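Visitor: I'd like to go over a predicted model; first the sequence, then the structure.
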Amino acid sequence: MIEEHDHEYRTGIGTDIHIVDEDRKLMLGGIYIPNADGLAGHSDGDVALHAIIDALLGAAAMGDIGSLFPNTDPKFKDADSRELLRDVNQRIDDQRWQIVNIDLTIHAEEPKLGPLKTQMKRAIASLLGIDFTTVNVKAKTNEGLGDIGAGEAIAATAIVLLKKKFKRTL
C-alpha cells in the first residue's frame, strides 16, 4: 500500500556553454534580450534553458538534450528552446515527476543580467507551469577570466529537484 507521505526525490544538474555570435539574436532564460549579441548553436542557443533541460533529464534519468534533440537532425536547426523545454516538461510529467525547484546560474560578462532575472524567472516558471517562487535565477561575471570573461561565450548551470507523484492506492 502506498501512503500519501511516500515520496521519491531526485536531483539533476545541467550545464551548457555557447560562443557569442554577433549575427544572432540573444535568447537567454526563455526571453529575447535586445541590443545584445546572440549565441551560436544548432538551436537558438539559449544556454540557460539548455542547462535546465539537461538538469530535468538528468534528475529523471532520461538521458540528455543531445540524445533527445541531436544537432545532427535538421528539424532542430534554429529550434526554439522554449519548445524543447516544454517537450521535456511533458516527458517528465508523463513519468509522474513534479518539479520542486530550479536554481539557475548564468555566467556572462555582457549583457548585464541583473535587471532581467525576474523576467527570466517568470518566463521559466510559465514555460514549465510551476510557481514563480520555485525558480531562482542568478547572474555572475567571470571577472574577465577565460572565454566567458573575455565576452566570447556565455554559460549556464542549473540544478533541479524532482519529486515523484505517487498514486494513492487503498
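Guide: It's in.

Visitor: Buried residues of stretch 23-37, list them for me.
Guide: Neighbour-count burial for stretch 23-37, counted by 16 or more other C-beta atoms under 10 Å, picks out 24, 26-31, 33, 36-37. Every C-beta, even on glycine, is put in place using the N, C-alpha and C of the backbone.

Visitor: Farthest pair within those residues?
Guide: In terms of C-beta to C-beta, those reach their longest pairwise distance at Gly30 and Asp37, which sit 18.1 Å apart.

Visitor: buried set for whatever helix or strand Ala156 lives in?
Guide: Of the helices and strands defined by DSSP states H and E, Ala156 is found in strand 153-164. The neighbour-count criterion (16+ other C-beta under 10 Å) identifies 153-163 as the buried residues of strand 153-164.

Visitor: Closest one of those to Leu128?
Guide: Distance to Leu128 across the buried residues of strand 153-164 (C-beta to C-beta) is lowest for Val160, with 9.9 Å.

Visitor: list the contacts for the closest one?
Guide: Contact partners of Val160, counting by C-beta atoms under 8 Å, 6 or more residues apart in numbering, are 11-12, 14, 52, 55-56, 59, 99-103.

Visitor: at 7 Å what do you get?
Guide: Counting by C-beta atoms under 7 Å, 6 or more residues apart in numbering, Val160 touches 11-12, 55-56, 59, 99, 102.

Visitor: Sort out for me which of these are in helices.
Guide: In helices, judged by DSSP state H, the following of the contacts of Val160 are found: 55-56, 59.

Visitor: Quick one: end-to-end length of stretch 66-83, please.
Guide: Between the opening and closing residues of stretch 66-83 lies a distance of 15 Å (C-alpha to C-alpha, to the nearest Å).

Visitor: Tell me the predicted confidence for His42.
Guide: pLDDT, the model's per-residue confidence, is 87 for His42.

Visitor: Distance check, the residue nearest to it when sequence neighbours are not counted against Leu84.
Guide: Excluding its sequence neighbours, the residue lying closest to His42 (C-beta to C-beta, 6 or more residues apart in numbering) is Asn71, at 3.7 Å. Separation of Asn71 from Leu84 (C-beta to C-beta, to the nearest Å): 12 Å.

Visitor: out of the two, which sits in the more crowded spot?
Guide: More crowded of Asn71 and Leu84, by other C-beta atoms under 10 Å: Leu84, with 20 against 13.

Visitor: tell me the SS of the more buried one?
Guide: Leu84 falls in the helix class when you classify it by DSSP: H, G, I helix; E, B strand; the rest coil.

Visitor: you'd agree it is up against Ile53?
Guide: Yes - with contacts defined as C-beta atoms under 7 Å, Leu84 counts as touching Ile53 at a distance of 6.1 Å.
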